[in-house]
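Novice: starting from these lines, generate the structure:
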Amino acid sequence: MDQEIKQKGSDIPARDPNWNWTDFKTLLKALVDSSDDAIISKTLEGIIVSWNYGAEVIYGYSAQEAEDRKSTRLNS
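Specialist: This next block holds a predicted model:
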């Protein structure tokens, strides 16, 4: 079992020196941007730092209107 875990662990990008983080970030950005779901990231203090198109549709605010504001204001 330990050997099986070690083999699976070798697939983790952080352990692979050949992993292309730039491509990974580009892929992640494309997934977030194209999602119909609201994807919002915020600081530990609750300040919105990113807001995708799905969030714009669901909450009715543009990214520009939402970013740099507290997420607690979404329900008010």
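
Novice: following the lengthiest helix in the chain, which helix or strand comes up?
Specialist: With DSSP state H setting the assignment, residue counts place helix 21-34 as the longest helix in the chain. Tracing the chain C-terminally past helix 21-34 and defining elements by DSSP states H and E, one meets strand 40-42 next.

Novice: can you name the next helix or strand after that following strand?
Specialist: Proceeding N to C from strand 40-42, the next assigned helix or strand is strand 48-51, under DSSP H and E.

Novice: got the buried residues for that following strand?
Specialist: Of the residues in strand 48-51, those with enough neighbours to count as buried (16 or more other CB atoms under 10 Å) are 48, 51. Any C-beta I mention is one placed from the backbone N, CA and C, and that applies to glycine too.

Novice: what's it packed up against?
Specialist: Counting contacts by 3 or more CB pairs under 8 Å, 6 or more residues apart in numbering; DSSP states H and E, the secondary-structure elements packed against strand 48-51 are strand 40-42, helix 63-66.

Novice: any idea of the mean pLDDT for the longest helix of the chain?
Specialist: Averaging the model's pLDDT scores along helix 21-34 yields 86.

Novice: just stretch 37-45 next, same as before
Specialist: The model assigns stretch 37-45 a mean pLDDT of 92.

Novice: quote the end-to-end distance of that stretch.
Specialist: Start to finish, the residues bounding stretch 37-45 are 23 Å apart (CA to CA, to the nearest Å).

Novice: pull the residues that contact the longest helix of the chain.
Specialist: In this structure, residues lying in contact with helix 21-34 by CB atoms under 8 Å, 6 or more residues apart in numbering are 13, 39, 50, 52-53.

Novice: ok now it, how far from the chain's centre?
Specialist: The offset between the C-alpha centroid of helix 21-34 and the centroid of the whole chain comes to 9 Å, using CA atoms, centre = their mean, to the nearest Å.
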